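Trainee: sequence and predicted model, in that order:
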Amino acid sequence: MNRRTFAQAAACASVLASAGLPRVFAQAAVPDEGIDYRVLREPVPTSSPGKIEVLEFFWYACPHCYQLEPHLGRWKPSLGPDVAFKRIHVAFRGDTHQKIFYTLEALGRAEALTAKVFEEIHQRNNPLTGLPEVLDWAKRQGLDLPKFEAAWNSFGVQTQQKRANALVAGYRIEGVPTFGINGRYVASPAMVGGSHTRALQIVDFLIAQERKTKR
C-alpha cells in the first residue's frame with residue numbers, strides 16, 4: 001500500500017479522532033499495512049476475554065526496551081478499560097532474564113521491580129546472567145530468597161516460560177521491543193524508524209481498529 005498524501009491524512013483526521021486517538025496522531029501520516037504494522041496470516045489466540053489484548057514483547061538486556069520504559073509509563077494510563085496490557089519476556093540468548101521476570105510475576109513483584117532489573121543491567125552494568133548474581137540482586141531488593149528460589153524452580157514459572165515462547169512463535173517475533181495487538185497485528189519502533197512515540201501511536205490506531213470490529 002502506498003503512503004497517503006498529506007491532504008488524505010488531513011481528511012482522515014476527524015475519523016481517527018472520533019475513534020479515540022490522540023489529536024497529534026490524527027494529524028500524522030495514516031499507518032500503512034505492511035510498512036507501519038503487519039497483519040498476521042494466522043491469528044493468535046488471546047487470553048483476555050472481552051478485552052482488546054496488547055502484548056509488549058521485551059527483553060531486560062535490550063537497550064531499546066529500556067529506552068521505551070518512560071514512554072510506556074506515560075502511555076499505559078491512557079489505555080481504556082477495554083484494553084488488557086501484558087508484558088511477554090522473550091528468551092533471547094538464554095532464558096535467565098525470562099526466568100527473572102516470571103519469577104517476579106509469580107511473587108507479585110514484576111510491576112514493582114521491573115524498573116530495578118533494567119537499572120541493574122543498564123545503569124550498574126550487571127548483566128544478571130547467572131543465578132548467584134540474580135540471587136544477590138534479589139537480596140538487595142529485600143526479597144525472601146527461599147521464596148524466590150522456590151518460585152524460580154517452580155512448575156508455574158516453567159509453564160509461563162513455555163507460554164511466552166509459544167506467543168513469540170505465534171506472533172513471529174524476531175526483535176524487541178515489539179507489540180502484538182489482539183492476536184491479529186504486530187507493530188514495533190523498528191518498523192517506524194525507531195520512534196517509540198510513533199510506534200505507540202500505531203498501537204493506538206490498531207486498538208481503535210479492533211474497537212470497530214466489536215461494534
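Mentor: That came through fine.

Trainee: domain map for the protein?
Mentor: Using automatic domain parsing, the domain parsing of the chain gives 33-90+173-215, 94-170.

Trainee: I'd like the average pLDDT over the shortest one.
Mentor: Going back to what we said before, that points to domain 94-170. Per-residue pLDDT values across domain 94-170 average out to 98.

Trainee: can you give me the end-to-end distance of that domain?
Mentor: Terminal residues of domain 94-170 are spaced 19 Å apart (CA to CA, to the nearest Å).

Trainee: and residue 38, what are its bridge partners?
Mentor: Under the criterion DSSP bridges, residue 38 forms beta bridges with residue 186.

Trainee: what's the separation between it and residue 185?
Mentor: Noted for residue 38: a distance of 7 Å to residue 185, by CB to CB, to the nearest Å. All C-beta atoms are positioned from the backbone trio N, CA, C, and that covers glycine.

Trainee: helix, strand, or coil at the residue nearest the centre of the chain?
Mentor: The geometric centre of the chain, computed from its C-alpha atoms, lies nearest to residue 56 (CA atoms, centre = their mean), at 1.1 Å. Secondary structure of residue 56, reduced to three states by DSSP: H, G, I helix; E, B strand; the rest coil: strand.

Trainee: surely it and residue 179 touch.
Mentor: Yes. Judged on CB atoms under 8 Å, residue 56 makes contact with residue 179 at a distance of 5.8 Å.

Trainee: got the contact list for residue 107?
Mentor: With contact set as CB atoms under 8 Å, 6 or more residues apart in numbering, residue 107 has these partners: 143, 147-148, 151.

Trainee: show me what the residue nearest to the centre of the chain is bridged to.
Mentor: Beta-bridge partners recorded for residue 56 (DSSP bridges): residue 87, residue 179.

Trainee: OK, contacts around it?
Mentor: Under the criterion of CB under 8 Å, 6+ apart, the neighbours of residue 56 are 72, 85-88, 177-179.

Trainee: any idea how far it is from residue 103?
Mentor: Plainly put, residue 56 is 18 Å away from residue 103 if you go by CB to CB.

Trainee: show me where this protein has its strands.
Mentor: Ranges of strands in the chain, per DSSP state E, are 38-39, 52-58, 83-89, 178-181, 185-187.

Trainee: longest helix of this structure?
Mentor: With DSSP state H setting the assignment, residue counts place helix 196-214 as the longest helix in the chain.

Trainee: hang on, the earlier thing: what's the most buried one of the domains of the chain?
Mentor: Mean neighbour counts were taken over the domains of the chain using mean count of other CB atoms under 10 Å, and the top value, a mean of 18, falls to domain 33-90+173-215.

Trainee: so which residues of the chain form helices?
Mentor: When assigned using DSSP H, the helices of the chain occupy the ranges 6-18, 23-26, 63-75, 96-106, 110-122, 131-140, 145-152, 155-171, 196-214.

Trainee: need the residues that contact the fifth one.
Mentor: Helix 110-122 has contacts (CB under 8 Å, 6+ apart) with 60-61, 63, 65-66, 69, 87, 97, 100-101, 104, 126-128, 137, 141.

Trainee: please report the distance of residue 165 from residue 173.
Mentor: As it turns out, when the distance is counted by CB to CB, residue 165 lies 10 Å from residue 173.

Trainee: likewise residue 124?
Mentor: From residue 124 to residue 173 the distance is 28 Å (CB to CB).
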